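*Asks:* Would you be able to build a 3D model of this:
(one chain, ligands or ions: 1)
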Amino acid sequence: MDWRGRRTSSNVDDRRSRRTTRSPGGFGGGVPRGGMGLPFPMSGRMLVIIVLIAVLYGIFGGGLSNMFSADQPAPTTPASDEDALFASTVLAMTEDVWGEIFAASNSRYIEPQMVIFSGQTESGCGFASAQMGPFYCPADSTIYIDLTFFQELSERFGAPGEYARAYVIAHEVGHHVQNLLGITDEMARLRDRVSQQEYNQYSVRLELQADYLAGVFTHYIQNEGILEEGDVEAAMRAANQIGDDRIQRETQGRVSPDSFTHGTSEQRMRWFLKGFESGDLSDGDTFSIPFDDL
Ligand SMILES: [Zn+2]
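*Replies:* This next block holds a predicted model:
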């Protein structure tokens, strides 16, 4: 991927060297932009978060102090600075591509924010930790990423290569596009109306569409001459390695399709490739196809 020297994004909030726990000024850099999603004062919110974490991790009596051991600013390293530059450059590419696609249909693309953090941070969707992997929070239109995920992607998931990383960012930006198109709101409305199993199927549709949108992005940057040999394969490999079936087989030793939320490896690769080959949003309606044909 020919990314060096290209424009970086102005929408990146690099929190790696900041405190991630509560300080007299509130969260160090932890207040989500946009001011949405904060129904109660920060102090109450913090308490709820701590209790939630304690319950989730069963750490009552186990020592809360361990949870916040990352109290000291984490030093950045040349390697992680390189990763941050890469993430910012890819984000800028998505801004250009989606800006162009939206403009072509006479609408304006509102750019997402990206928060780069180390260990843990606060998001518009609650507490964020590196263990959660990169995610998009619709409440503050922000992508949250701890860059150690890049290393994990290549070492733990066996998906090396720059474009595997770019695909992950493009997938999260895909969720932002879905948010702008109103699809995320539609999903939120369904949550209380359908069974868990049905909701999981909608989730699979949403995720495969985000893969499709990552493919559409890839189509555009190929036309710009940014892609290099092996890039599409690197993204396909990443899509393959993070399919629900593969991850379940590795972590649980068995596969239970009812609990899939992202789609199988085969589906993820296929929808990414479909977006890459088509480059057209109208071919990416994963919601109107019978579930078994996805
Ligand atoms: Zn996703």
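
*Asks:* and residue 268, what does it touch?
*Replies:* Listed by CB atoms under 8 Å, 6 or more residues apart in numbering, the contact set of residue 268 reads 207-208, 211, 239-240, 242-243, 262. Where you see a C-beta, it was placed from the backbone N, CA and C, and this is true even at glycine.

*Asks:* Now narrow those to whatever sits close to the ion.
*Replies:* residue 207 (CB under 5 Å from the ion).

*Asks:* Next to the ion in this structure, residues from the stretch 101-250 of the chain, please.
*Replies:* So the stretch 101-250 of the chain meets the ion at 207, 210 (CB under 5 Å from the ion).

*Asks:* ok, now which ones touch residue 208?
*Replies:* So residue 208 contacts 262-263, 267-268, 271, 286, 294 (CB under 8 Å, 6+ apart).

*Asks:* Out of these, which comes closest to the ion?
*Replies:* residue 262 (6.5 Å; CB to the ion).

*Asks:* and the contacts of residue 208 as TSV, adding distance to residue 194 and pLDDT?
*Replies:* Below are the contacts of residue 208 laid out as TSV (distance: CB to CB, whole Å; pLDDT from 0 to 100):
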residue	distance to residue 194	pLDDT
262	18	95
263	18	95
267	20	96
268	23	96
271	22	98
286	16	97
294	17	95
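
*Asks:* Going by distance to residue 116, which of those residues wins?
*Replies:* residue 262 (23.1 Å; CB to CB).

*Asks:* Need the nearest residue in space to that closest one, chain neighbours excluded.
*Replies:* In this structure, residue 262 finds its nearest non-sequential neighbour in residue 207, 4.2 Å apart by CB to CB, 6 or more residues apart in numbering.

*Asks:* pLDDT value on that neighbour, please?
*Replies:* According to the prediction, residue 207 has pLDDT 96.

*Asks:* which residues touch it?
*Replies:* 261-263, 268.

*Asks:* What of residue 232?
*Replies:* Contacts of residue 232 by CB under 8 Å, 6+ apart are 163, 218, 222, 273, 276.

*Asks:* so residue 114 is in which element?
*Replies:* Element membership for residue 114 (DSSP states H and E) is strand 113-117.
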